[in-house]
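Using only what follows, build the 3D model:
(one chain, ligands or ions: 1)
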Amino acid sequence: MCGVMGYTGPKEAEQLLLDGLFALEYRGYDSAGIAVLDESAHIKMVKRLGKVQMLSDSLKKKPLHGTCGIAHTRWATHGVPSERNAHPFLDCSKRIVVAHNGIIENYADLKTELRAQGHVFTSDTDSEVVTHLVESMYDGSLVSTLRKVCMRLEGAWALVAMCSMEPGTIAVARKGSPLVVAPTPEGAFAASDLTALAPHTSDVIPLTDGQFATLSQDGTVTITTIDGTVVEPEPIHIDWDVSSATLGGYPDFMKKEISEQPQALSRLLASRVASGTVELDELSMDGAALLNINRIYIVACGTSYHAGLYAKKLIERWARIPVEVDVASEMLYDEVLADEHTLCLAITQSGETAETLLCSRKLRRMGAKVIAITNVLGSTVATEADGVIYLQSGPEVSVASTKAYTAMLVASALVALFLAHGRGLMGSGEIAQRLAELERVPAAVAEILDRQGLAKEAASVFEGATSSLFLGRGLNSASAREGALKLKEISYLHAEAYPSGEMKHGPIAVIDKGYPVVFVVPQDDVHAKTLSNMAEVLARGADVVAVASDGDAEVLPYAQHIMWLPPTAEWLTPITSAVYLQLMARYVALSRGCNVDRPRNLAKSVTTE
Ligand code: AGP
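Residues are numbered from 1 along each chain as shown. Okay, the predicted model is just below:
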């Protein structure tokens, strides 16, 4: 939600900031703004409603000149998307400017107080109070003032600020919202996410909560704590290919990211599987400690939660450990029964999802060991966890998670196998066999990509529909949920998911002639049961799409469209079926004229509760 960017150095700031905003646009895209300090230390600012391209087009006509600037791309929380509510915000004297990602929870009280002092507000946002607080408390040093200001704030923030009084200096602060900084020979940078900095450096410093930094024109960065103590920076090295964050000839990022799945999954497997064993040093516990785990909590939201549902079934099946999984926004306020025998798996592509972070912190405080499964290097979850399993999918730009989801399923399977082996419940022979099955998945996914015409045909059943149902059983009940979410988020078509067997307990009432129903029905131990459910919806006139195993003649009478799954072990069908459902959702969304990469109202990284 929202992306911030700052640059100071010897180069013109405008284009560097714009490029950064384009890279951060997945975080929010309802309005964007940029402020640059000109030669005479005046702040020049342009804001536009809409995507970063609108801002860029305006700047082409009237460029901003200066070598120090800040910028922002917004996902509205307080105040409608508009130019007036776009960041950054100037103070009353027009000498201080601030951009903010996060939420200032006590903004109403602060606004009343500042108004009483005579400050005039120009927006409906919570963020603008920060600028006026800096103005009101300015002590001659921007970073020192920012420290004092942050003591008065409640909520979450990544703040970037500059002022006319200290040309060439940018002060930043972080609490609860991601922020990385980078000293480089071509200047000093700050951004919400390291992908915005990747073209400039391979070494970035993720700030931790409560840290501040001063970016200087000579390219240096000084990191401090709330009391001004200087902190030794802890840079991380980015080994992602910068080109992986560009379209590279694909029409959209979603298509690109769906297509990258064979390579992404192979990369993950290559890093974790060697000589028929699973290498997960993150879980390094001796046999006794592994035996002592008596409960696992899986903490996640959205698509990552669906991966958690799959993980639960595999871990319980193979490692015989009870697993609790719920969306983090619920678990956060539930009574959880964690202690030092609890393992918490925090699954999050971005590593920044507010509830996932808050909930894993809660479990950690109770004694649980936290293992993060994430895609983003140096993300908050990664810095806080006891161990990290990186998905290694490369940047996922499209808001709809695709390649990270299938990687989460693979990572979950690896964790389940590791635990089963460590607890003596699965011998080396069986582990090697399961891993061999897993290693065949990238090829199966590649085959599905070759058959994507099937997904395009299946997408036609949604023509004219206003709602749809996704059904699956066993391991694939999670697949049905994920298929429905994918369709909903990018096509805006209502889709509901249920375990197939639950359909007759209510949802069947919505089925009528031509109503689209998608079944995930591979040849597994619940296959016959699902076929019965298919017969039930067909009898009521539904248009049925099936995701079924190659050569399964039994499914033919029950579906108008079938997306055929290449052969894999039954427990791997959630991975392959996910790819068809992603492709189908994309085709439906395109046929409805939707922007598949930037669906309305959504943001890639949801950093507020
Ligand atoms: C996925 O397509 C969605 N955009 C969304 O549900 C997402 O999975 C959720 O917000 C959690 O994000 P995370 O994995 O970054 O924590």
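
Pro322: how many residues sit nearby?
Neighbours of Pro322 under the rule other C-beta atoms under 10 Å: 12. The way it works is simple: take the backbone N, C-alpha and C, and place the C-beta from them, glycine included.

okay, it: pLDDT?
With respect to pLDDT, Pro322 scores 97.

got it, and the one 3 residues further on?
Reported pLDDT at Val325 in the predicted model: 97.

and this structure, which of its residues are near the ligand?
Contact residues, the chain versus the ligand (C-beta under 6 Å from any ligand atom): 301-304, 348-350, 353, 356, 399-401, 489, 602, 606.

which one of those residues has the most neighbours?
Neighbour-wise, the residues of the chain next to the ligand (other C-beta under 10 Å) top out at Thr348, 34 neighbours.

ok, the one residue in the stretch 351-500 of the chain that gets nearest to the ligand to Val526 distance?
Closest contact between the stretch 351-500 of the chain and the ligand, by C-beta to the nearest ligand atom, is at Thr353 (3.3 Å). For Thr353, the distance to Val526 equals 31 Å [C-beta to C-beta, to the nearest Å].

and what of Thr67?
Taking C-beta to C-beta, one finds Thr67 at 63 Å from Val526.

Which parts of the stretch 451-600 of the chain are strands?
467-472, 494-499, 516-521, 543-549, 561-565 (DSSP state E, counting those that start in this stretch).

right, and those - which one's nearest Thr224?
strand 494-499 (48.0 Å; C-beta to C-beta).

Keeping just the C-alphas, turn that closest one into CSV.
Extracted in CSV, the C-alpha atoms of strand 494-499 (Å, rounded to 0.1, in the frame of the first residue of the first chain):
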residue,chain,number,x,y,z
HIS,A,494,-18.0,-12.9,-8.1
ALA,A,495,-16.6,-16.3,-7.4
GLU,A,496,-17.2,-18.4,-4.4
ALA,A,497,-15.3,-21.5,-3.3
TYR,A,498,-16.4,-24.5,-1.3
PRO,A,499,-15.1,-28.0,-0.6
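
Just want the residue of this structure that's nearest the ligand.
The ligand sits closest to Gly302 of the chain, with a gap of 1.9 Å, by C-beta to the nearest ligand atom.

Can you pull out the low-pLDDT segments for the protein?
By pLDDT under 70, the weakly predicted segments of the chain are 240-245, 284-287.

if we go to 50?
Scanning the chain for pLDDT under 50 picks out nothing.

could you list every residue that touches the residue sitting nearest the centre point of it?
Geometric centre of the chain, nearest residue: Ser350, 3.6 Å, by C-alpha atoms, centre = their mean. Shown in contact with Ser350 (C-beta atoms under 8 Å, 6 or more residues apart in numbering): Thr374, Asn375, Val376, Ser379, Lys604, Ser605, Val606.

Repeat the analysis, applying 6 Å as the threshold.
Val376, Ser605 (C-beta atoms under 6 Å, 6 or more residues apart in numbering).

What is the neighbour count of the spatially closest residue to Tyr107 that is not a sequence neighbour?
Nearest non-adjacent residue to Tyr107, counting by C-beta to C-beta, 6 or more residues apart in numbering: Asp126, 3.7 Å away. Other residues near Asp126 number 23, with proximity taken as other C-beta under 10 Å.

quick one: what helix or strand has Asp126 in it?
Following DSSP states H and E, there is no helix or strand that holds Asp126.

Checking my notes, the residue nearest to the centre of the chain in a helix, right?
No - under DSSP: H, G, I helix; E, B strand; the rest coil, Ser350 sits outside any helix and is assigned coil.

how near is the residue of the chain closest to the ligand to Ala400?
In terms of C-beta to C-beta, Gly302 sits 10 Å off from Ala400.

Ok, Pro599 next?
In terms of C-beta to C-beta, Pro599 sits 7 Å off from Ala400.

Mutual contacts of these two, please.
Common contact partners of Pro599 and Ala400 (C-beta under 6 Å, 6+ apart): Glu489, Ile490.

what helix or strand is Val204 on?
Using DSSP H and E, Val204 falls in strand 203-206.

Please list the outside residues in contact with that strand.
Val180, Val181, Ala182, Leu194, Leu197, Pro233, Pro235, His237, Gly378.

go again using 8 Å as the cut-off
So strand 203-206 is contacted by 178-183, 194, 197, 221, 223, 233-238, 378-380, 383 (C-beta under 8 Å, 6+ apart).

Which SSE is immediately downstream of it?
Next element after strand 203-206 (DSSP H and E): strand 211-215.

Adjacent strands (with direction) for the helix or strand following that next one?
Per DSSP H and E, the first helix or strand lying C-terminal to strand 211-215 is strand 221-224. Partners of strand 221-224 in the sheet, by DSSP bridges, are strand 211-215 (antiparallel), strand 230-231 (antiparallel).

highest average neighbour count across those strands?
strand 211-215 (a mean of 25; mean count of other C-beta atoms under 10 Å).

distance between that one and the chain's centre?
Distance of strand 211-215 from its chain centroid, counting by C-alpha atoms, centre = their mean, to the nearest Å, is 25 Å.

outside of that strand, which residues touch it?
Residues from elsewhere that reach strand 211-215 (C-beta under 8 Å, 6+ apart): 6-8, 142-143, 146-147, 150, 169-174, 181, 188-190, 207, 221-226, 231.

Filter the residues you listed down to the buried ones.
Among the contacts of strand 211-215, those scoring as buried are 6-8, 142-143, 146-147, 150, 169-174, 181, 188-190, 207, 221-224, 231 (criterion: 16 or more other C-beta atoms under 10 Å).

which ones among those residues are found in helices?
In helices, defined here by DSSP state H, the members of the buried ones among the contacts of strand 211-215 are Leu142, Val143, Leu146, Arg147, Cys150.

Centre of the chain to stretch 106-117, how far?
In terms of C-alpha atoms, centre = their mean, the centre of stretch 106-117 is set 33 Å apart from its chain centre.

Give the phi and psi angles for the residue nearest to Tyr107, as a check.
phi -70, psi -30 (degrees, to the nearest 10).

now do Glu324
Torsion angles, degrees, to the nearest 10, at Glu324: phi -100, psi 130.

what's near enough to touch it?
Contacts for Glu324 (C-beta under 8 Å, 6+ apart) come out as Arg295, Ile296, Tyr297, Ile298, Lys312, Met331, Val336.

Tell me if I am right that the fourth one is in a strand.
Looking back up the chat, that one is Ile298. Yes - applying three-state DSSP, one finds Ile298 inside a strand.

Sweet, I'm off.
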